[in-house]
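> Quick one: sequence and predicted model below, then my questions.
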Amino acid sequence: MFDTCEYIISATSKKQFPNTKNNPEFVFLGRSNVGKSSFINALTNRKNLARTSSKPGKTIAINFFEIDKKFYFVDVPGYGYASRAKDTRQDFGKYIEEYLVDNKNLKMAFLLVDSKVGPTNDDKLMFNYLKYLNLPITIIGTKADKVGTTKQIAQAKIISKALEIDLSTVILTSAVERRGFDKVLDLINKNL
Ligand SMILES: Nc1nc2c(ncn2[C@@H]2O[C@H](COP(=O)(O)OP(=O)(O)OP(=O)(O)O)[C@@H](O)[C@H]2O)c(=O)[nH]1
Ligand SMILES: [Mg+2]
């Protein structure tokens, strides 16, 4: 577990991005309401590090968290939230892109998809975009507690097939049941 988890800033433009001192960064992406902020809280074992909400569109800036004074977790606004004004959505796209492109410190993009729903078209677009940027990607299934125990593997297969990736690389997690995080922590440790 981590000793310190510190909120640094909510950035809405590139010039607000903090100087991460060439330390490793890990970003969590996914559609709105998929459970990104809850995931970060469960992963760090903190209740309210990242703000969560039952209403989609809670996270509206890129939030930086400094972990153990030596690496960063980055929580970004979710995509695919139709009710958001169009110009706001374009702004989001712009600064998420500014964050992702040419970011040499970014060790892993965790793409979160709903375990039960599987990858949506937006998820596939994001996955392809991350691949195009040559970023290391890990697919995380969220809210696995909503999938019956017997259906877990079948759901993971649906995700791996839809994205054409190896089944063994899909990690199903539940922030509610605090499950699946060991594998994620392993991946993070391997990239430090
Ligand atoms: N059952 C279940 N619900 C979850 C889980 N993780 C998150 N949720 C719920 O899903 C909703 C959205 O969670 P958030 O963590 O705020 O989602 P987000 O992806 O950060 O959303 P945006 O900030 O809008 O992009 C909340 O009501 C959470 O309680 C989970 O593992 N299981
Ligand atoms: Mg959020």
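Nice, thanks for sending it over. Residues are numbered from 1 along each chain as shown. Ligands and ions are numbered 1, 2, ... in the order given.
> drop to CA atoms for contacts and neighbour counts, all remaining ones
Fine.
> Check the chain for its longest strand and report it.
Ranked by residue count, the top strand of the chain under DSSP state E comes out as strand 106-114.
> Quick one: list the elements packing against it.
Packing partners of strand 106-114 (3 or more CA pairs under 8 Å, 6 or more residues apart in numbering; DSSP states H and E): strand 25-30, helix 121-132, strand 137-142.
> please redo it, this time with the cut-off set to 6 Å
strand 25-30, strand 137-142 (3 or more CA pairs under 6 Å, 6 or more residues apart in numbering; DSSP states H and E).
> who's in contact with that strand?
Applying CA atoms under 6 Å, 6 or more residues apart in numbering, the external contacts of strand 106-114 come out as 25-30, 34, 119, 136-142.
> still on that earlier bit, which one, of the helices and strands packed on strand 106-114, ends up nearest to residue 56?
When the helices and strands packed on strand 106-114 are compared by CA to CA, strand 25-30 sits nearest residue 56, at 11.7 Å.
> Quickly check: that closest one near ligand 2 or not.
No: Strand 25-30 does not reach ligand 2 (CA under 5 Å from the ion); its nearest approach is 9.3 Å.
> The residue positioned nearest the centre of the chain pairs with what?
With distances taken as CA atoms, centre = their mean, residue 28 lies nearest the centre of the chain, 1.8 Å away. Taking DSSP bridges as the rule, residue 28 bridges to residue 75, residue 110.
> right, and it touches residue 75 too?
Yes: contact criterion CA atoms under 6 Å: residue 28 and residue 75 qualify, at 5.5 Å.
> Now do the shared contacts for these two.
The overlap between the contact sets of residue 28 and residue 75 (CA under 6 Å, 6+ apart) is empty.
> about what we covered before: in JSON lines: the helices and strands packed on strand 106-114, plus mean pLDDT.
As requested, the helices and strands packed on strand 106-114 are exported to JSON lines (pLDDT from 0 to 100):
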{"stretch": "strand 25-30", "mean pLDDT": "97"}
{"stretch": "strand 137-142", "mean pLDDT": "98"}
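> of these, which approaches ligand 1 most closely?
strand 137-142 (5.5 Å; CA to the nearest ligand atom).
> That closest one versus strand 25-30: what angle between them?
50 degrees (axes from the mean of the first three to the mean of the last three CA atoms, to 10 degrees).
> Identify the residues contacting strand 137-142?
By CA under 6 Å, 6+ apart, strand 137-142 touches 108-115, 170-174.
> Do a quick rundown of the strands in this protein.
5-11, 25-30, 62-67, 71-75, 106-114, 137-142, 171-172.
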